[in-house]
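> Only the shape, not the letters, is given here:
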């Protein structure tokens with residue numbers, strides 16, 4: 001959990017907020033602490049809120065041994081809701097909180113959140129996304145007045161959404177991370193329905209943004225990236241394993257050979273991911289595995305690529321869309337490779353996005369470049 005909280009600290013430091021684990025912080029007099037205990041599956045975790053060295057400190061702690069950065073992300077959002085939001089202000093219509101993209105653990109987190117925020121603003125919503133360059137300490141402190149919470153994940157931030165419901169009775173909607181026109185159309189329609197936004201406005205935003213997307217790619221419609229069924233192996237976290245498979249199958253018309261989700265998930269979380277990939281517009285049936293051990297992940301990839309090439313006599317070059325952990329294997333298999341999920345140590349990502357309609361165009365550019373390069377090798 002410490003890794004995730006350190007990453008969040010970097011973004012929150014200008015707002016004079018910080019998160020730390022109990023293990024790393026010399027506690028002041030415990031008489032100043034406010035304890036918020038809770039029990040989840042028999043595991044006691046708690047949040048401590050106090051003032052420390054003139055800095056507002058939101059303390060997150062957990063006793064479970066397999067806590068990682070994604071757990072830290074959830075605990076941090078919970079701490080914000082329990083400790084900073086204003087209980088005395090009634091919810092304001094049109095104000096929403098947005099989360100579900102963990103800072104730094106999604107290499108494209110800043111661009112992804114900013115792009116989704118922009119789409120929501122076009123629907124007339126006032127958005128608090130906590131971690132972007134547009135967010136302020138004042139907005140974060142008023143997170144509890146939101147009319148609705150929007151979580152662009154079926155895993156990350158769900159427990160925080162439940163806490164917000166308990167503390168502020170604020171409903172939340174959970175959607176897959178929207179990448180490309182098909183997923184983004186569905187996302188905007190879902191938000192419009194949940195918040196009872198006028199259908200004319202929802203249709204206007206979708207029509208305008210989809211038109212821009214289509215005008216951008218139309219001059220290149222004859223490119224092989226749009227005319228061939230390129231085989232792809234998708235390796236990613238709970239967000240990207242769904243979002244990338246959906247984009248590749250539904251928007252590009254390519255062939256996802258295999259999808260591997262590398263997060264350690266509960267049975268319920270795995271069922272949510274499986275359900276998301278069972279609703280592909282293209283009708284493609286995803287071959288989905290949950291595997292977090294690198295050796296096993298690579299073995300699954302090797303078997304899938306080898307079987308495909310044997311069956312179709314190496315008709316098309318195979319692409320592996322995953323993380324930098326698959327780069328060496330891709331070279332071994334003579335496959336194209338693109339790092340999107342963490343870690344992406346072979347790329348410098350500052351404010352690039354793959355979310356929304358604009359992100360879909362950027363993803364096509366990156367995939368096309370990798371595909372063209374793999375054809376010439």
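Structure received. These figures come from a predicted structure and were not determined experimentally.
> For residue 174, give me its contacts.
100, 151, 153, 154, 158, 161 (Cβ atoms under 8 Å, 6 or more residues apart in numbering). Yep, even glycine has a C-beta here, placed from its N, CA and C like the rest.
> got a pLDDT number for the closest residue to the second one other than its chain neighbours?
Distances taken as Cβ to Cβ, 6 or more residues apart in numbering put residue 100 closest to residue 151, at 4.2 Å, once the chain neighbours are dropped. In the predicted model, residue 100 carries a pLDDT score of 96.
> Now do the contacts for residue 255.
229, 230, 231, 232, 249, 284.
> so which of these would you say is closest to residue 352?
residue 232 (20.0 Å; Cβ to Cβ).
> where do the strands sit along this protein?
17-20, 34-40, 43-52, 55-61, 92-99, 126-128, 146-151, 172-174, 231-236, 255-261, 288-290, 319-322, 336-339 (DSSP state E).
> Show me which residues of the fifth one are buried.
Neighbour-count burial for strand 92-99 flags 95, 96, 97, 98, 99 (criterion: 16 or more other Cβ atoms under 10 Å).
> Spatially central residue for this protein, please.
Taking Cα atoms, centre = their mean as the criterion, residue 101 is the residue nearest the geometric centre of the chain, at 3.8 Å.
> and it, how far is that from residue 115?
Distance of residue 101 to residue 115, computed by Cβ to Cβ, to the nearest Å: 10 Å.
> any residues in contact with both of the two?
Going by Cβ under 8 Å, 6+ apart, no residue sits against residue 101 while also sitting against residue 115.
> Give me the helices and strands touching the longest helix along the chain, please.
The residue-count maximum for a helix in the chain (DSSP state H) belongs to helix 356-376. Counting contacts by 3 or more Cβ pairs under 8 Å, 6 or more residues apart in numbering; DSSP states H and E, helix 356-376 packs against helix 109-122, helix 180-194, helix 199-217, helix 224-227, strand 319-322, strand 336-339.
> Can you list the neighbours in contact with the fourth one?
Residues lying outside helix 224-227 but in contact with it, judged by Cβ under 8 Å, 6+ apart, are 217, 220, 252, 253, 364, 367, 368, 371, 372.
> pretty sure residue 119 contacts residue 202?
No. The pair residue 119 / residue 202 is not scored as a contact, 10.9 Å apart, by Cβ atoms under 8 Å.
> Need the residues touching each of these two.
Common neighbours of residue 119 and residue 202 (Cβ under 8 Å, 6+ apart) are residue 188.
> what's near enough to touch residue 150?
96, 97, 98, 99, 100, 120, 172, 173, 175, 191.
> what's the neighbour count on the closest residue in space to residue 213 that isn't next to it in sequence?
Closest residue to residue 213 apart from its sequence neighbours, by Cβ to Cβ, 6+ apart: residue 357 at 4.2 Å. Residue 357 has 25 neighbouring residues, counting by other Cβ atoms under 10 Å.
> any idea how far residue 357 is from residue 328?
34 Å.
> Residue 83 too?
Residue 83 is 44 Å from residue 328, by Cβ to Cβ.
> Can you get me a residue count around residue 267?
7.
> Distance of it relative to residue 160?
If you go by Cβ to Cβ, the gap between residue 267 and residue 160 works out to 20 Å.
> Residue 277 now?
Residue 277 is 24 Å from residue 160, by Cβ to Cβ.
> Give me the residue ranges of this structure where confidence is low.
Low-confidence segments of the chain (pLDDT under 70): 1-70, 84-91, 313-316, 376-377.
> mind running it again at 80?
Within the chain, the stretches with pLDDT under 80 are 1-72, 80-91, 137-142, 312-316, 375-377.
> Give me the buried positions along stretch 248-257.
Using 16+ other Cβ under 10 Å as the test for burial, stretch 248-257 gives 248, 249, 250, 251, 252, 254, 255, 256, 257.
> what about residue 292, how many neighbours?
Neighbour tally, residue 292, other Cβ under 10 Å: 12.
> Quick check: it touching residue 270?
No. Applying Cβ under 8 Å, one finds residue 292 not in contact with residue 270, separated by 11.7 Å.
> follow-up on the earlier one: dump the contacts of residue 150 into CSV; add distance to residue 296 as well.
What follows is the contacts of residue 150, written out as CSV (distance: Cβ to Cβ, whole Å):
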residue, distance to residue 296
96, 39
97, 37
98, 34
99, 31
100, 27
120, 38
172, 34
173, 34
175, 30
191, 37
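> Which of the residues you listed sits closest to residue 312?
Nearest member of the contacts of residue 150 to residue 312, counting by Cβ to Cβ, is residue 175, at 34.9 Å.
> quick one: contacts for the closest one?
Here residue 175 is in contact with 150, 151, 152, 154, 186, 187, 190, 191 (Cβ under 8 Å, 6+ apart).
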